[in-house]
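Student: structure here, sequence nowhere to be found:
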């Protein structure tokens with residue numbers, strides 16, 4: 001679907017109706033103002049915002065994160081388990097560590113489980129045997 005021809009106003013109005021989205025008309029002489037601070041850098045200053053702006057906040061709860069991970073990064077991979085709790089844990093790990101597709105490829109092509117020395121009890125715990 002090409003969204004280029006849809007107006008910004010229409011896009012924002014569509015987002016407003018979604019449960020996980022909050023929209024704030026913000027800036028000078030408005031009811032809301034926001035500050036955005038850089039993270040994970042030596043330059044932790046605030047981002048300069050325009051005088052008038054619309055702030056769109058998307059609550060990425062667990063379900064939304066899972067969908068994001070599966071539809072984004074994970075579409076090039078297959079799970080080797082049908083255990084939904086393991087899949088959820090994996091998705092949460094990928095999301096929380098901000099792992100990229102390249103990170104996953106590096107991990108999966110660099111190491112594997114050494115079954116010769118892996119403790120049998122621990123392996124059974126992971127495999128659910």
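Tutor: Structure received. Keep in mind the model is a prediction, meaning the values are calculated, not measured.
Student: walk me through the domains of this structure.
Tutor: 8-58, 62-127 (automatic domain parsing).
Student: now do the same contact list for residue 37.
Tutor: 44, 45, 46, 47 (Cβ atoms under 8 Å, 6 or more residues apart in numbering). Bear in mind the C-beta positions are built from the backbone N, C-alpha and C, glycine included.
Student: now tabulate these in CSV and tack on distance to residue 96.
Tutor: Formatted as CSV, the contacts of residue 37 follow (distance: Cβ to Cβ, whole Å):
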residue, distance to residue 96
44, 21
45, 26
46, 25
47, 23
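Student: flag the least confident of those.
Tutor: Taking the contacts of residue 37 together, the minimum pLDDT is found at residue 44 (87).
Student: show me what contacts that one?
Tutor: Residue 44 sits next to 37, 38 when contact means Cβ under 8 Å, 6+ apart.
Student: assign residue 124 to helix, strand or coil.
Tutor: Following DSSP: H, G, I helix; E, B strand; the rest coil, residue 124 is assigned to helix.
Student: and the top helix by length along the chain, what does it pack onto?
Tutor: Under DSSP state H, the helix in the chain containing the largest number of residues is helix 84-96. Judged by 3 or more Cβ pairs under 8 Å, 6 or more residues apart in numbering; DSSP states H and E, helix 84-96 is in contact with helix 62-71.
Student: from residue 123, how far off is the residue of the chain positioned farthest from its centre?
Tutor: In terms of distance from the mean C-alpha position of the chain, residue 116 ranks first, at 35.8 Å (Cα atoms, centre = their mean). Between residue 116 and residue 123 the distance is 11 Å, computed by Cβ to Cβ, to the nearest Å.
Student: again, but for residue 57
Tutor: Using Cβ to Cβ, we find residue 57 at a distance of 43 Å from residue 123.
Student: now swap in residue 10 and tell me
Tutor: Distance from residue 10 to residue 123, by Cβ to Cβ: 54 Å.
Student: surely residue 77 and residue 104 touch.
Tutor: Yes: taking contacts as Cβ atoms under 8 Å, residue 77 lies within contact range of residue 104: 6.7 Å.
Student: find me the pLDDT at residue 73, would you?
Tutor: pLDDT, residue 73: 65.
Student: next one: residue 7
Tutor: So, for residue 7, pLDDT stands at 91.
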